[in-house]
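Visitor: Sequence and predicted structure below; questions after.
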Amino acid sequence: MPETAVVTTRRLLAHTLVQVLTAGVVGAVGVIFGLSVVVASVLLLGPAGALVGLVVVPAGIALLYLMATLTPAASALTDTRTGRICWSALVGGVGGLGWWVSVTVSEGVLSTGRTGLLLGGVPFALVAGLLLRRWYLSLGFLALTLAIAYGFLHILAAAGPDLTEPDRRLAAARHTRAELTITDLPGYHRTLGDRGWQLTPVDPAANQPEHRLSIIGRENWDPGSCAAQLRAGGPMRECVLEAPGLEYRRGENWHEYRVDGVRAAVRGGLGVTREVLRAAASRARGVTDAEVLAMFPAAPPEPATFVGAVRRVAKWIAG
């Protein structure tokens, strides 16, 4: 039978608190446990295991229905059996959609564990709060929902700046700025290889492997130290710190100058004199935007995706 219109304040508050909190708990635990069951079923049974989801989802809705039955005073919808079915479907459906959207668009921004546990329960609790019996409580949860949504959009907007055109071209060509550390050396011409620039002598007679130079740039640059390199039985034959940030190293059939300022090494065969190698290292510099634009074609347009659209909206609203 329908609940009577007279609902005591204490009972209302108790049912409200329990209903909102348990909706969040059921949502947080349900999505993680349900996904785990579905994934395990797919691994064991193959694609047919996805059909387990047809059991998991109704089970979650049934659990929400049971909770609504135990706390009928919290929402006007939970007064009747039909209303409790509608309430369970709304909390489970809209809350699940909110969880999916939050996890999908925050990939790479928030850790998976934190997103799954915290954002997993929040959308369900917010939907339950919006469906509360008292209008002022529903209004309060509406304000809370808008505040959380704005905060989430702000995190997305600040997560990663838009790439400039040179950086987009570098990404499309699968290069980094560190790999493209550049230098100029009279009597040599540059060619761009898979791992950076190669310098070869202009004179064909001198164009031998031992006379070529290469520039090796890295994003993760380890300055190192000569004391660590010159160990017994190691590949290093000589290591000299010529100046702060400028280190000379020689191996069995190569030598190089490491320039910490540009995070790169200029390496050559032993046919290259140390003076030429030092001159090339002294001219090493980062590649400019103009040079990147001249070297690489325009990047293809990014495909339109749901995640991209949400992040663009986030930048427009909270950027």
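Guide: Structure received. Because the structure is a prediction, the values reported are computed rather than measured.

Visitor: mind listing what the spatially closest residue to residue 73 that is not a sequence neighbour touches?
Guide: Closest residue in space to residue 73, ignoring its immediate chain neighbours: residue 15 at 4.0 Å, by CB to CB, 6 or more residues apart in numbering. Heads up, the C-betas are built off the backbone N, CA and C, glycines and all. Residue 15 makes contact with 71, 72, 73, 74 under the criterion CB atoms under 8 Å, 6 or more residues apart in numbering.

Visitor: any chance you could map the helices in the stretch 1-150 of the chain?
Guide: 9-45, 53-70, 81-105, 112-114, 120-130, 135-159 (DSSP state H, counting those that start in this stretch).

Visitor: and the fifth one, what's its mean pLDDT?
Guide: Averaged across helix 120-130, pLDDT comes to 91.

Visitor: Also stretch 212-224?
Guide: For stretch 212-224, mean pLDDT is 79.

Visitor: Number the residues from 185 up from this point.
Guide: Yep, numbering from 185; the last one is stretch 396-408 now.

Visitor: Please point out which parts of that stretch sit buried.
Guide: Neighbour-count burial for stretch 396-408, counted by 16 or more other CB atoms under 10 Å, picks out 396, 397, 398, 399, 400, 401.

Visitor: Just the closest of those to residue 274, please.
Guide: Within the buried residues of stretch 396-408, the smallest distance to residue 274 is 55.5 Å, found for residue 401 (CB to CB).

Visitor: if I read this right, the closest one contacts residue 366, doesn't it?
Guide: No. With contacts counted by CB atoms under 8 Å, residue 401 stays clear of residue 366, the gap being 9.1 Å.

Visitor: which residues of the stretch 285-434 of the chain fall in strands?
Guide: Counting by DSSP state E, counting those that start in this stretch, the stretch 285-434 of the chain has strands at residues 372-377, 380-385, 397-401, 422-427, 430-434.

Visitor: Parallel or antiparallel, list what pairs with the second one.
Guide: To tie it back to what came earlier, the one meant is strand 380-385. Sheet pairing of strand 380-385 (DSSP bridges) gives strand 372-377 (antiparallel), strand 397-401 (antiparallel).

Visitor: what's it in contact with?
Guide: 363-367, 369, 371-376, 391, 395-401, 464.

Visitor: Whichever of the residues you listed end up buried, select them in PyMOL.
Guide: Command for PyMOL that selects the buried part of the contacts of strand 380-385, burial taken from 16+ other CB under 10 Å:
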select buried, resi 363+364+365+366+367+369+372+374+395+396+397+398+399+400+401+464
